[in-house]
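**Q** dropping the sequence and predicted coords here.
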Amino acid sequence: MPMFTSLRRMERRICPLLSNLCIRWERIENEILMHFRSQKKLQGEVSLSDTLDGDGDGNSLSLMDVISVDDDMLENLDARDSCIQVRQYVERCLSDREKMIITMRYGLNNQPPKTQREIAAQSGISRSYVSRIEKKALKKLKDAFEST
């Protein structure tokens, strides 16, 4: 009988501990399951910084390293749109002489840009007059850009 009593006491001491331990494991298990469920939504997503492989020196190779391209497509599109807009404003806002000088000065006619001296010699006017016309035309273009 004393042994049975001793076992009963041990059971009373151990059972609450085991019960608490079981509850903790169930909570941990539940947290793990919740984590996997939340990650299921992100299954199809891939990060460009994910490591694909490593070399012998311990350097990692990421997806960005593999697919990275020095692509300036957006800058080219933006520049092209800006050029189209400038040409439209030149046609709409400037006089014929201003158009000619701005077109030659900045190479808007698919020709290399010319200096004020070259434009003056070709047009038969002074370089300072070319400068004044250019300044006036640029102000008109600036005003046209700011009004849109």
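**A** Arrived safely. Residues are numbered from 1 along each chain as shown.
**Q** with adjacent residues omitted, what lies nearest to residue 87?
**A** Counting by CB to CB, 6 or more residues apart in numbering, the nearest residue to residue 87 once its immediate chain neighbours are dropped is residue 108, at 6.2 Å. For glycine as for every other residue, the C-beta is placed from the backbone atoms N, C-alpha and C.
**Q** in the host helix or strand of residue 139, which residues are buried?
**A** Assigned by DSSP states H and E, residue 139 falls within helix 127-147. Of all the residues in helix 127-147, those buried under the rule 16 or more other CB atoms under 10 Å are 130, 133, 134, 137, 140, 141, 144.
**Q** ok, back up a step: pretty sure the residue nearest to residue 87 is in a strand, no?
**A** No: according to DSSP: H, G, I helix; E, B strand; the rest coil, residue 108 belongs to no strand; its state is coil.
**Q** which ones are touching it?
**A** Counting by CB atoms under 8 Å, 6 or more residues apart in numbering, residue 108 makes contact with 83, 86, 87, 90, 102.
**Q** how far off centre is the helix holding residue 139?
**A** Helix 127-147 has its C-alpha centroid displaced from the chain centroid by 34 Å (CA atoms, centre = their mean, to the nearest Å).
**Q** any idea which helix or strand in this structure has the lowest mean pLDDT?
**A** helix 63-67 (a mean of 68; mean pLDDT, DSSP states H and E).
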